[in-house]
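Undergrad: Based on what follows, work out the 3D shape:
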Amino acid sequence: MAKIIDHGTWQLTPADEGLHEPGSEVLWNESYYFDFAAPDGSVAGYVRLGLYPNWDRAWYWACVTGKDRPLVLVADNDAPLPKPGTTDVRTGAYEATQTIAEPFGPVRIGLDGEGAVLPDPTAAYGGTSGAETTRLRFDLRWDTVSGVYPYKDIPRYEIPCTVSGTVTVGDETLAVDAPGERDHSWGERDWWKTSWLWSSGRLGDGTFFHGMQANIGFAIPWPSFLVPPGGEIAHRDGFSAETRFAADELPESSHLRVPGVPMTATPLAFAPVAVVSPDGRTARFPRALCRFEAEDGRTGHGWTEWHQPPGWQDHGWSYLAEGGAR
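TA: Next up, the predicted model:
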């Protein structure tokens, strides 16, 4: 079993790879993420399964994009909950499967369905109904690279991975051999309350990195880790970030203070979604394939997200320069 970094106030166990007993909150959520990005940024994608058992729905998102590719997206925020004890989602438009072979070990992700083709990714904010569609298929495997990183105080963990298999878009089949990451979290998650930045990727020399910062009004040692080439995962809590936003509120760049490897993240291809709360509030979730440029000259690719709930501009974001969205 992969090594677990133990530096938190809760104890991660192999059983936590499975599903958890829901809490009583309407917005209690269990979430699995899987992403990948080719070393040259030519193709990238992610899958997210979010389960809201007390809201009687699942969110299922899957996409493929790249620095010279249009976004192909499945974004279903009203999917049926999987059958008890499973994480498979089946609708009239797609079938999605998720198999964890062993705790903290290999995971296989399957998808076969119709994805919306969005040359303008921000069209996803208005929903994908009426967009051109194409067949989207995943047959992918995530393999753990060096260990498991649990967050310090909340039930969430991240796993750096290599990703292999195939993605089919229409008549085109792409071989995937790329770095990536997967994560799993559970508990109440109110997407319409707090904004955040989350980022992960791999540099050209093989170094994996991860960092996350929520905008809660004060600074804390936000979680991050590094995995040196061929080495073990090492936590480096103390992450922070500053972002420049464009007039359309999409991020233009972020300075990521990953302890030991400060860098800049520049979006190359967006894969956003919008989510509506039970009482009708809308949050935007611009997630993007990014190019990372470390201050020491190393470069790489991966994913960054800048969550934008209602009023996010007043949530204490750090801005790189005046003139961006405030």
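Undergrad: Could I get the pLDDT score of residue 83?
TA: For residue 83, the model assigns a pLDDT of 95.
Undergrad: That one belongs to a helix?
TA: No - under DSSP: H, G, I helix; E, B strand; the rest coil, residue 83 sits outside any helix and is assigned coil.
Undergrad: Could you give the number of residues near it?
TA: A count of nearby residues for residue 83, using other C-beta atoms under 10 Å, gives 10. Heads up, the C-betas are built off the backbone N, CA and C, glycines and all.
Undergrad: Over to residue 132?
TA: 12.
Undergrad: now do residue 199
TA: Around residue 199 there are 25 residues (other C-beta under 10 Å).
Undergrad: Go ahead and confirm it touches residue 265.
TA: Yes - in this structure residue 199 lies within contact range of residue 265 using C-beta atoms under 8 Å: 6.0 Å.
Undergrad: Give me the common contacts of those two.
TA: 254, 256, 290, 304 (C-beta atoms under 8 Å, 6 or more residues apart in numbering).
Undergrad: So the third one sits against residue 305, correct?
TA: The reference is to residue 290. No - between residue 290 and residue 305 there is no contact under C-beta under 8 Å: 9.9 Å.
Undergrad: more neighbours, the two?
TA: The residue with more neighbours, out of residue 290 and residue 305, is residue 290; 30 against 22, by other C-beta under 10 Å.
Undergrad: list the contacts for the closest residue to residue 196 other than its chain neighbours?
TA: Using C-beta to C-beta, 6 or more residues apart in numbering and skipping the chain neighbours, the partner closest in space to residue 196 is residue 214 (4.3 Å). For residue 214, the contact set (C-beta under 8 Å, 6+ apart) comprises 194, 195, 196, 222.
Undergrad: Okay, residue 214 and residue 59: tell me how far apart.
TA: Residue 214 is 20 Å from residue 59, where distance means C-beta to C-beta, to the nearest Å.
Undergrad: Now for residue 290 and residue 305: what residues contact both?
TA: residue 199.
Undergrad: C-terminal to the longest strand along the chain, what's the next element?
TA: Ranked by residue count, the top strand of the chain under DSSP state E comes out as strand 172-188. Using DSSP states H and E, the next helix or strand after strand 172-188 towards the C-terminus is strand 196-203.
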